[in-house]
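# sequence unavailable; structure follows:
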């Protein structure tokens, strides 16, 4: 099927499950059912349609609707059984010697209502507990294994950016350029899907926009939007043709073996107006300020406050992370891993302290209606000494 070395090692899954079982015991939760694809992949190493039952003690049980054959090839979970219907879950657990849970954890932030009601009927004597926050906090701190994959994803992001000047031409549409960039990403092994946890959040590789379309807002929780190809996909590249002396935003996520790198560079055909060059330089200054302050123990909201204060001092507060008004995004960075919207969020009011092993995309950007977007984004690892930047491609505006 594919090389077995792509599978998540058993030792890695064991550590994740043990950490989660510590949480269950500390909170008097008897067991949890994991069903969301990214969480399934994290704890079981497979996204086959399944229910992963994790008791507070003992081995987990992976009950697979489709495909059991692939789940057994992909997952290091030892107890894997086929599941014809969710109604058979209690019987499978009983046969495996699991006592009925008095309290059962579910991912209530993403679980569809119909599934919730089904589980509540199956476990009618159990108290249902929301475990989604704790799952996300556990996932926020990456292991050495995860960090290694994300380092490689960042290297591949650099290679994508380096490819852009060789294919960029005046008169081509944003979608044509995006297609060529995405073809190179696929050639390098991009998995295609970029996962988001936020309900209704979706993204196809990322955003590529030129000039004024870069400043068109959209529904996505992002400082940039873009016209997109049509109202059914109202974000990202559209049919606008690329012109000289306008900023070309290439804000792409590289997805490698499940894990992500978020990466933005600005290109142009010919020199940009000096005010945009100066604005871009200011965003590099804010990125450095974030790197100077962000370290273990620092509250994530304080990092955003530092960035916002500097944007105001530099005279760019009206355009920072979106044009003035309701379309502005109140963050300067976000966690990254299997999904593009993981903890921590470097956002207004956030009180989560940074921890060593977190990975954060820092993305100070300025949005100028009628002109476009300038700014930067890099993926960073939180170390004991602060932020280590994983992407190394040049950060100045790349003039072609």
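Nice, thanks for sending it over. Worth saying up front: this structure is predicted, and the values here are computed from it rather than measured.

# would you map the helices across the chain?
10-26, 37-44, 68-74, 89-95, 113-122, 132-140, 144-167, 174-187, 274-293, 300-313 (DSSP state H).

# who are the neighbours in contact with residue 271?
Contact analysis of residue 271 by Cβ atoms under 8 Å, 6 or more residues apart in numbering lists 245, 277, 399. Every C-beta, even on glycine, is put in place using the N, C-alpha and C of the backbone.

# which among those residues end up buried?
Buried by 16 or more other Cβ atoms under 10 Å: residue 277, out of these.

# quick revisit: can I get the helices of the chain in a markdown table with mean pLDDT?
A markdown table is the format used below for the helices of the chain (pLDDT from 0 to 100):
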| stretch | mean pLDDT |
| --- | --- |
| helix 10-26 | 98 |
| helix 37-44 | 98 |
| helix 68-74 | 96 |
| helix 89-95 | 97 |
| helix 113-122 | 97 |
| helix 132-140 | 98 |
| helix 144-167 | 98 |
| helix 174-187 | 98 |
| helix 274-293 | 98 |
| helix 300-313 | 98 |
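
# and those helices as JSON lines, adding distance to residue 52?
Output for the helices of the chain, formatted as JSON lines (distance: least, Cβ to Cβ, whole Å):
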{"stretch": "helix 10-26", "distance to residue 52": "9"}
{"stretch": "helix 37-44", "distance to residue 52": "5"}
{"stretch": "helix 68-74", "distance to residue 52": "10"}
{"stretch": "helix 89-95", "distance to residue 52": "11"}
{"stretch": "helix 113-122", "distance to residue 52": "13"}
{"stretch": "helix 132-140", "distance to residue 52": "11"}
{"stretch": "helix 144-167", "distance to residue 52": "19"}
{"stretch": "helix 174-187", "distance to residue 52": "30"}
{"stretch": "helix 274-293", "distance to residue 52": "36"}
{"stretch": "helix 300-313", "distance to residue 52": "29"}
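
# separation between the residue most central in space within the chain and residue 387?
Central residue of the chain (Cα atoms, centre = their mean): residue 340, 1.1 Å from the mean position. Per Cβ to Cβ, to the nearest Å, residue 340 is found 18 Å from residue 387.

# show me what contacts the residue lying farthest from the centre of the chain?
Computed with Cα atoms, centre = their mean, the residue of the chain farthest from its C-alpha average is residue 95, at 38.0 Å. Under the criterion of Cβ under 8 Å, 6+ apart, residue 95 has no contact partners.

# can I get the contacts of residue 271 in CSV with distance to residue 210?
Converted to CSV, the contacts of residue 271 look like this (distance: Cβ to Cβ, whole Å):
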residue, distance to residue 210
245, 11
277, 17
399, 14
